[in-house]
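K.L.:
Provided below are the primary sequence and the corresponding predicted coordinates.
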Amino acid sequence: MEKYVISGGKTLNGDVFISGGKNAAVAIIPATVMVRGTCVIENMPNITDVRLLLSMLKDMGADVEFLAPGIVRVNCSNINSFVSDHEGVRKIRASYYFMGSLLGRFSAARVGLPGGCDFGVRPIDQHMKGFEALGAEISIEHGIVNMKAEKLVGTSIYLDTRSVGATINIVLAATLAEGTTVIENACREPHIVDTANFLNTMGADIKGAGTDVIKIKGVKSLHGGKYSIIPDQIEAGTYMVAAAATGGKVAVRNIIPKHMETVSAKLTEIGVTVEEFDDYIVVSRDPAKKLMKTKIKTMPYPGFPTDMQPQLSALLCLAEGTSIVTEGVWDNRFRYIEELRKLGAKADVDGKICVIEGVDRFLGAKVHACDLRAGAAMVIAGLCAEGITEVSDIKYVERGYENFVEKLRKLGANISKEKDDEAEPEDSKFCDVG
């Protein structure tokens, strides 16, 4: 196992280029199962989650080849099994998208229940509700979800609670169903739109993605084609916060500024300068000026993203006054606060609310990444801490950030990846929030 070793106090300056969206990629890869032909997907991030899902595709019989960095060719024409590898499923929550894609292609699916981090109750009941409404019979035996239908038939489905995963899974299953499916109270996240755009490029008929009502007119088949994944809004936000935390000036390039509006607004509110251009944002802060307190509540898109909450909370630990952070999506996302306290943060958690009292500085310490975005928050804190910070369990961080160390070093950070002799042995638990 490895760890990050950070010597803090260096301002970040320069340009950073954002990779393809992790949350879009992990939905689009399973979606290729339904395509009878060759898909060439560009802007594919080289991260652990992507490599694992592509490996699962290969195990199912797909032809998968990287043509160049960030460009992968996938042909699932020869897949003839509706069974997805159970061991792989347990390592990544997004593997549940194979439920929708296999059910859509074969009218049957056998997929293990997904793994993931301890962020409270994370049911997949809305996924099951959608599949049953389309005509599937479902049983769960020994941790395996078995689904079968004579045929899938379009219908109207109202999601009782907004769920990104359920929205995407139902879209996948309905794409090849007979007739029209309407999903009401659907989520609106950019990666939902990107998944729908990918499917439409391959011949699907999906309208309304990005709104709370999505209409899918079933088609008989999908053909191959070329598609480019959208930039990763959370990776972009992470570098924006890192620039603000270190008091530097960073141009965050290859992004869609509209996707960053809530993050940009909060950074501006606390005293950070944010300049928007066509496909990049410049973030800067005078380190001599104190950051100001604020209140944040995470919400589904277009609200403030839960996947940016840990990073911004780390920054608010250095703001003047008392900030209030309310987690409106997950039940248990503040576990990382105990790690920030090791660096000198003053913060108290009561359920879904965290009260942060600003401090003048962080002092380097040994911390660990509780999950993907919490790990990014530890790195941000370490970048502006005095002394040395060591971040362990970085396997979580590298699930969602491509070339994290290299990109930070190009901006001027003193960070390296080293062997972690104190780490516990690897296990099969993977985090899957963010």
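P.N.:
Nice, thanks for sending it over. In this text, all values refer to a predicted model and were calculated from it rather than measured experimentally.

K.L.:
give me the buried positions along stretch 269-288.
P.N.:
Residues of stretch 269-288 classed as buried: Ile270, Gly271, Val272, Val274, Tyr280, Ile281, Val282, Val283, Ser284, Arg285 (neighbour count, 16 or more other Cβ atoms under 10 Å). Quick note: C-beta positions are derived from backbone N, CA and C, even for glycine.

K.L.:
what sits against Ala365?
P.N.:
Residues counted as contacts of Ala365 (Cβ atoms under 8 Å, 6 or more residues apart in numbering) are Lys342, Leu343, Ala385, Thr389, Glu390.

K.L.:
how much space separates it from Gly382?
P.N.:
Distance, Ala365 to Gly382, by Cβ to Cβ, to the nearest Å: 9 Å.

K.L.:
and Tyr336, by the same measure?
P.N.:
Computed as Cβ to Cβ, the Tyr336 to Gly382 distance reads 13 Å.

K.L.:
which one's more surrounded, the two?
P.N.:
Taking other Cβ atoms under 10 Å, Tyr336 and Gly382 do not tie; Gly382 has more neighbours (28 against 25).

K.L.:
isn't the more buried one right next to Gly8, touching?
P.N.:
Yes. Look at Gly382 against Gly8 with Cβ atoms under 8 Å: they come within range, at 5.7 Å.

K.L.:
who touches both of these two?
P.N.:
Joint contacts of Gly382 and Gly8 (Cβ under 8 Å, 6+ apart) are Phe362, Gly364, Thr389.

K.L.:
between the residues you listed, which sits nearest Arg110?
P.N.:
Among the shared contacts of Gly382 and Gly8, Thr389 lies closest to Arg110 (Cβ to Cβ), at 44.7 Å.

K.L.:
look up how far His127 lies from that closest one.
P.N.:
Taking Cβ to Cβ as the measure, Thr389 falls 39 Å from His127.

K.L.:
any idea which helix or strand comes after the lowest-mean-pLDDT helix or strand in the chain?
P.N.:
Using mean pLDDT, DSSP states H and E, the weakest-scoring helix or strand in the chain turns out to be helix 86-89, at a mean of 65. Helices and strands here follow DSSP states H and E; after helix 86-89, the next one along the chain is helix 97-106.

K.L.:
who are the contact partners of the nearest residue to Glu327 once chain neighbours are set aside?
P.N.:
Once flanking residues are discounted, Glu327 sits nearest to Lys352: 4.5 Å by Cβ to Cβ, 6 or more residues apart in numbering. Going by Cβ under 8 Å, 6+ apart, Lys352 touches Thr326, Glu327, Gly328, Asp331, Phe334.

K.L.:
from the residues you listed, which would you call buried?
P.N.:
Buried among these by 16+ other Cβ under 10 Å: Glu327, Phe334.

K.L.:
got the contacts of Lys352 as TSV, with pLDDT columns?
P.N.:
Below are these laid out as TSV (pLDDT from 0 to 100):
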residue	pLDDT
Thr326	98
Glu327	97
Gly328	94
Asp331	82
Phe334	96
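
K.L.:
can you redo the contacts of Lys352 as JSON lines with secondary structure?
P.N.:
Listed next are the contacts of Lys352 as JSON lines, based on DSSP: H, G, I helix; E, B strand; the rest coil:
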{"residue": "Thr326", "secondary structure": "strand"}
{"residue": "Glu327", "secondary structure": "coil"}
{"residue": "Gly328", "secondary structure": "coil"}
{"residue": "Asp331", "secondary structure": "coil"}
{"residue": "Phe334", "secondary structure": "coil"}
